[in-house]
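Trainee: sequence and predicted structure are below.
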Amino acid sequence: MSFDGSTIKALLDGAVSKGAVHGIAAVVVDRGGLRFHHAAGEAGERTMFRNASMTKAVATTAALQLVEKGRLSLDATVESILPAFGRLQVLDGFDSGGPRLRAPATQATVRQLMTHSAGLGYFFLNDKLMSYHQATGEPNALSGLKRSLSAPLINDPGTAWEYGVNTDWLGLVVEELSGQTLSSYLEQNVYGPLGMSDSTFTPSDEQRGRLLRVMQRQIDGQLAPSALDLPPTSEWDAAGHGSYGTVQDYGRFVQAWLNDGAGILGAPTVEMALQNHLGRIKLPELMKSLIPELSNDVPAPPVPQSWGLGFQLTLADVPGMRSAGTADWAGLFNSYYWIDRSKGIGGVLMTQLLPFFDVPVVKTLMDFEAAVYQQVGATRPA
């Protein structure tokens with residue numbers, strides 16, 4: 001596919017010149033590989049990014065490899081692999097003695113970890129959990145402390161979709177079954193095979209030197225250096241948010257999923273993972289943020305969505321843009337990707353600014369996606 005990226009290049013350069021972002025990079029990939037790459041502003045050819053929640057899809061891919069090899073069952077209880085998970089109780093509320101906890105009605109499964117329906121949450125998106133951390137002083141998931149994963153469930157497993165530390169626990173499942181750290185497992189089974197040579201949970205000094213700084217959107221719309229960042233070290237390889245890499249590395253991962261898992265998974269596994277695994281559970285109309293410096297409120301898109309194994313799914317064609325069945329997600333520092341297997345195209349757009357779901361970045365993302373599909377339409381054989 002020939003690809004004229006001049007419109008996208010102008011879009012990214014414009015986002016910098018208008019002050020919407022300080023640095024931004026994007027790639028477009030198809031099944032054959034990289035079709036477009038451009039970096040603008042403070043971002044350069046080899047800039048490193050905090051992947052944040054874009055780590056989740058990669059860690060889920062590791063778990064799917066174990067499913068494929070018959071070493072892990074999607075319907076196994078998490079507790080049967082990680083007894084510590086069985087000690088988690090449901091946070092029902094608070095009384096004078098502090099948090100009120102009870103046993104969960106059912107046991108969470110590996111599939112529920114992959115679909116964010118295992119009952120776990122994030123402190124900055126759930127008021128019960130936020131109150132729990134305030135009442136107990138227990139560390140939260142962005143502290144770098146492993147005991148943060150012992151925060152209670154906020155729903156009975158299988159009853160609701162709630163964004164949370166599900167994938168962190170899934171990473172621990174991978175470690176337990178493989179006998180390796182998540183980092184070394186991924187190096188051997190995902191990063192290495194795909195040539196993701198800059199992807200890591202522990203950036204070297206040289207890689208940190210290439211890391212784009214985090215900026216914070218101010219009330220007046222201007223950008224200023226952010227005081228918020230991931231901790232410099234972590235007690236575990238955080239499958240939910242802990243990896244770093246380049247935009248090209250993530251493009252290689254997107255390409256593998258476009259290409260029926262080539263190099264990392266079999267085609268039937270890819271097909272199976274990108275089905276709706278939530279059943280009757282609906283996604284919320286709004287993800288409400290309790291820490292506005294970290295994230296804006298995130299409204300549901302105006303098209304039906306659900307969740308597969310590790311990815312959000314768009315369930316209907318979006319005119320001039322992605323197809324039904326497209327997988328996507330994002331990272332806290334305003335990085336985004338999508339994988340459209342129907343049209344054989346995917347894109348990654350990365351910056352490093354807070355809060356998440358920043359309006360100027362989201363507008364740039366929408367324009368980027370529209371420009372990509374304009375190209376795909378223009379280059380598709382008649």
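Mentor: Cool, the structure landed. Numbering: from 1, shown residues only.
Trainee: for the protein, give me the ranges with low pLDDT.
Mentor: Low-confidence segments of the chain (pLDDT under 70): 1, 378-382.
Trainee: the lengthiest helix in it - contacts with which helices or strands?
Mentor: Counting by DSSP state H, the longest helix found in the chain is helix 359-379. Contact here means 3 or more Cβ pairs under 8 Å, 6 or more residues apart in numbering; DSSP states H and E; on that basis helix 359-379 packs against helix 6-17, strand 23-30, strand 345-350. From N, CA and C alone the C-beta is placed, and that goes for glycine too.
Trainee: again, 6 Å this time
Mentor: helix 6-17, strand 345-350 (3 or more Cβ pairs under 6 Å, 6 or more residues apart in numbering; DSSP states H and E).
Trainee: so which of those comes closest to Gly86?
Mentor: Between Gly86 and those, the tightest spacing by Cβ to Cβ is seen for strand 345-350, at 37.4 Å.
Trainee: quickly run through the sheet partners of the closest one, with directions.
Mentor: Sheet pairing here is set by DSSP bridges, and for strand 345-350 it gives strand 23-30 (antiparallel), strand 335-340 (antiparallel).
Trainee: which outside residues touch the longest one?
Mentor: It refers to strand 23-30. Residues from elsewhere that reach strand 23-30, judged by Cβ atoms under 6 Å, 6 or more residues apart in numbering: 1, 12, 15, 35-37, 39-43, 212, 247-248, 251, 254-255, 344-351, 372.
Trainee: returning to what we had before: out of the helices and strands packed on helix 359-379, flag the one nearest Tyr122.
Mentor: strand 345-350 (21.1 Å).
Trainee: strands of the stretch 101-250 of the chain, start to end?
Mentor: 215-217, 223-225, 244-245 (DSSP state E, counting those that start in this stretch).
Trainee: helices along the stretch 51-200 of the chain, start to end?
Mentor: 55-68, 78-81, 110-114, 127-136, 166-178, 182-186, 192-194 (DSSP state H, counting those that start in this stretch).
Trainee: before we move on, what SS does Ser306 have?
Mentor: Following DSSP: H, G, I helix; E, B strand; the rest coil, the label given to Ser306 is strand.
Trainee: pull the contacting residues for it.
Mentor: Here Ser306 is in contact with Asn276, Leu278, Leu313, Leu315 (criterion: Cβ under 6 Å, 6+ apart).
Trainee: ok, what's across the strand from it?
Mentor: Beta-bridge partners of Ser306, as defined by DSSP bridges: Leu313.
Trainee: so which of the helices and strands packed on helix 359-379 comes closest to Ala224?
Mentor: When the helices and strands packed on helix 359-379 are ranked by proximity to Ala224 (Cβ to Cβ), helix 6-17 comes first, at 16.1 Å.
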